[in-house]
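K.L.:
Have a look at this prediction, sequence included:
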Amino acid sequence: MAASAKQAAWALAPAFAVLFAFWLLPLAHLMLLGADSRDSHGSGYWQVLSSAQYLGSLAQTCVLAIVVTFTALLIGGISGVFLARQQFFGRSALVALLTFPLAFPGVVVGFLVILLAGRQGLLASLGLQLAGERWIFAYSLAGLFVGYLYFSIPRVILTVMAACESLDRSLEEAAHSLGAGHWRVVCDVIVPGLAPALASCGAICFATSMGAFGTAFTLGTRLNVTPVAIYNVFTNYANFVVAAALSVVLGAVTWAVLLLTRRLVKNAGTVL
């Protein structure tokens with residue numbers, strides 16, 4: 001036992017070293033930097049929590065992430081179940097196209113949104129032809145919503161397709177034999193069966209939308225979301241204390257939502 005424990009310790013030592021050097025140590029420094037109160041305005045945390053601008057940015061980021069998450073779960077969930085259950089010509093190509101956005105970084109996604117709804121985009125040209133005015137929303141929260149949704153849907157589709165393969169089809173057949181209609185089976189059998197997968201995928205989509213920077217930066221630094229606010233404070237004003245505090249608060253809020261989601265899923269699983 002002692003020898004095996006020693007071997008396990010040696011095997012885990014590199015992982016712990018990397019964890020300490022590249023995660024725990026920088027995180028501790030970030031948290032301490034945010035608590036620095038040498039400025040007359042107080043600590044970084046106080047400046048963030050007492051500022052309507054920063055709190056508004058955080059609230060707007062949370063609302064945007066929540067809306068993106070639920071929209072992605074709705075669209076991706078329906079598409080994933082359909083693709084997992086139906087076999088048709090070109091299905092593999094369609095799945096590949098729907099999941100292709102996972103290969104794009106946030107900057108490319110932002111550029112695609114600009115090509116769609118920017119000043120020289122497709123919708124601008126279409127609006128000019130049909131209504132005499134350009135339809136532009138790429139540089140607003142609507143454009144950011146489309147961009148975040150663009151790389152969130154593929155994750156949901158892949159997760160739901162994998163989860164559908166483990167569902168017991170006999171439960172659906174039993175429900176049908178007892179007289180349950182199609183939507184009743186969906187609500188009482190399929191959705192509860194996919195609930196853990198949807199919850200975990202939704203948590204990932206939420207966390208990604210909370211911290212995504214490349215897409216927001218490409219669409220414009222005037223967007224009032226927290227990752228852009230951190231960039232502006234850090235780059236334009238060299239205010240490391242407030243930037244660190246914003247980073248810690250953003251991470252804490254995201255972690256709290258993920259923890260709450262895990263608790264809810266665990267309780268729901270116990271009830272079921």
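P.N.:
Arrived safely. These numbers come from a predicted model, not from an experiment.

K.L.:
contacts, neighbours, all on C-alpha from now
P.N.:
Noted.

K.L.:
What separation is there between the residue lying closest to L122 once chain neighbours are set aside and A138?
P.N.:
Nearest non-adjacent residue to L122, counting by Cα to Cα, 6 or more residues apart in numbering: L116, 5.0 Å away. Distance, L116 to A138, by Cα to Cα, to the nearest Å: 8 Å.

K.L.:
who has more neighbours, the two?
P.N.:
A138 (26 against 20; other Cα atoms under 10 Å).

K.L.:
where does the more buried one land in three-state SS?
P.N.:
Three-state assignment for A138 (DSSP: H, G, I helix; E, B strand; the rest coil): coil.

K.L.:
So it sits against F145, correct?
P.N.:
No. The criterion here is Cα atoms under 8 Å, and A138 misses it with F145 at 9.3 Å.

K.L.:
Who are the contact partners of T226?
P.N.:
Contact analysis of T226 by Cα atoms under 8 Å, 6 or more residues apart in numbering lists 54, 57-58, 61, 210-211, 246, 250.

K.L.:
Likewise for S125?
P.N.:
For S125, the contacting residues are 134-135, by Cα under 8 Å, 6+ apart.

K.L.:
Please tell me how far it sits from E133.
P.N.:
9 Å.

K.L.:
ok, now V18?
P.N.:
55 Å.

K.L.:
Excluding chain neighbours, give the residue nearest to V189 in space.
P.N.:
E172 (6.5 Å).

K.L.:
wait, F145
P.N.:
Per Cα to Cα, 6+ apart, closest to F145 is V68, 6.4 Å.

K.L.:
Could you check how far the one you found is from L25?
P.N.:
From V68 to L25 the distance is 32 Å (Cα to Cα).

K.L.:
For the two, indicate the residue with more neighbours.
P.N.:
Remark: of V68 and L25, V68 carries more neighbours, 25 against 11, as counted by other Cα under 10 Å.

K.L.:
Pull the contacting residues for that one.
P.N.:
Shown in contact with V68 (Cα under 8 Å, 6+ apart): 145, 148-149, 152, 205-206, 209.

K.L.:
Now tabulate those residues in TSV and tack on distance to L194.
P.N.:
TSV is the format used below for the contacts of V68 (distance: Cα to Cα, whole Å):
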residue	distance to L194
F145	25
Y148	23
L149	20
S152	17
C205	16
F206	18
S209	22
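
K.L.:
filter the residues you listed to the buried ones?
P.N.:
145, 148-149, 152, 205-206, 209 (16 or more other Cα atoms under 10 Å).

K.L.:
Compile the residues you listed into a markdown table and extend it with columns for pLDDT, distance to Y237 and secondary structure.
P.N.:
Formatted as a markdown table, the buried ones among the contacts of V68 follow (pLDDT from 0 to 100; distance: Cα to Cα, whole Å; DSSP: H, G, I helix; E, B strand; the rest coil):
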| residue | pLDDT | distance to Y237 | secondary structure |
| --- | --- | --- | --- |
| F145 | 94 | 28 | helix |
| Y148 | 94 | 27 | helix |
| L149 | 94 | 31 | helix |
| S152 | 92 | 32 | helix |
| C205 | 92 | 31 | helix |
| F206 | 93 | 29 | helix |
| S209 | 92 | 25 | helix |
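
K.L.:
between the residues you listed, which is nearest G80?
P.N.:
Nearest to G80 among these: S152, at 12.9 Å, using Cα to Cα.
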